[in-house]
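Enquirer: I would like to see how this sequence folds:
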Amino acid sequence: MMSLRYEPATNADSGILSEIAKTSKQNWGYSNEQMDSWNDDLTLTPDYISKNHVVKIFNKGELIGFYAIITSAKTELDHLWLTPQNMRRGFGSEIFRHIKEHVSKLGKSVFHLIAEPNAKGFYEKMNGVVTGRFESKIPGRFLEIHEFTAHPH
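Expert: From the prediction side, this is the model:
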């Protein structure tokens, strides 16, 4: 078991978290035009952080990523990003376990996410069930909605 540490984000973290989201997304090889179209989606404002459950992830004292859970009509994992150098290092499963526990502590039994197509295999491995799909901002590119069951506490 790894010893990742989780800490609630503060409004002051908006810049660094937005940077992690953009750098991580760019790592998939998207064009600058595509990245520009997602700028607002990948920017975490102080207001967003104060209204949602945004959690920083540390490994050995180093900030390696974050996740964000929105609870409204549906509970949604809105962000899950690791810095590029920390992708594919086996952190995902442990982080996902933590997310499921967090959702359960919020009193929710199910949560959804819209999968980055490059991460689809990971979400399938985490037992996500595809409940829908829709066309993204890029014509002909579809995003799948995955549903997960939270861990009962």
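
Enquirer: In the chain, where's the longest helix?
Expert: helix 91-105 (DSSP state H).

Enquirer: list the helices and strands that helix packs on?
Expert: Packing partners of helix 91-105 (3 or more C-beta pairs under 8 Å, 6 or more residues apart in numbering; DSSP states H and E): strand 4-8, strand 53-59, strand 62-71, strand 75-82. To be clear about C-beta, it is placed using only N, CA and C from the backbone, and glycine gets the same treatment.

Enquirer: Packing partners of the worst-scoring helix or strand of the chain on mean pLDDT?
Expert: For the chain, using mean pLDDT, DSSP states H and E, the weakest element among its helices and strands is helix 32-37, scoring a mean of 83. Applying 3+ C-beta pairs under 8 Å, 6+ apart, one finds that helix 32-37 contacts helix 14-26.

Enquirer: And for the helix it packs on, what's in contact with it?
Expert: Defining contact as C-beta atoms under 8 Å, 6 or more residues apart in numbering, one finds that helix 14-26 is touched by 9, 35, 38-39, 42-46, 48-49, 54, 56, 63, 65-66, 79, 81-84, 87, 116.

Enquirer: so where is this structure shaky, pLDDT-wise?
Expert: 1-2, 152-153 (pLDDT under 70).

Enquirer: before we move on, back to that, which secondary structure elements does the next helix or strand after the least confident helix or strand of the chain sit against?
Expert: Following helix 32-37 in sequence order, the next helix or strand is helix 46-51 (DSSP states H and E). In terms of contacts (3+ C-beta pairs under 8 Å, 6+ apart), helix 46-51 is packed against helix 14-26.
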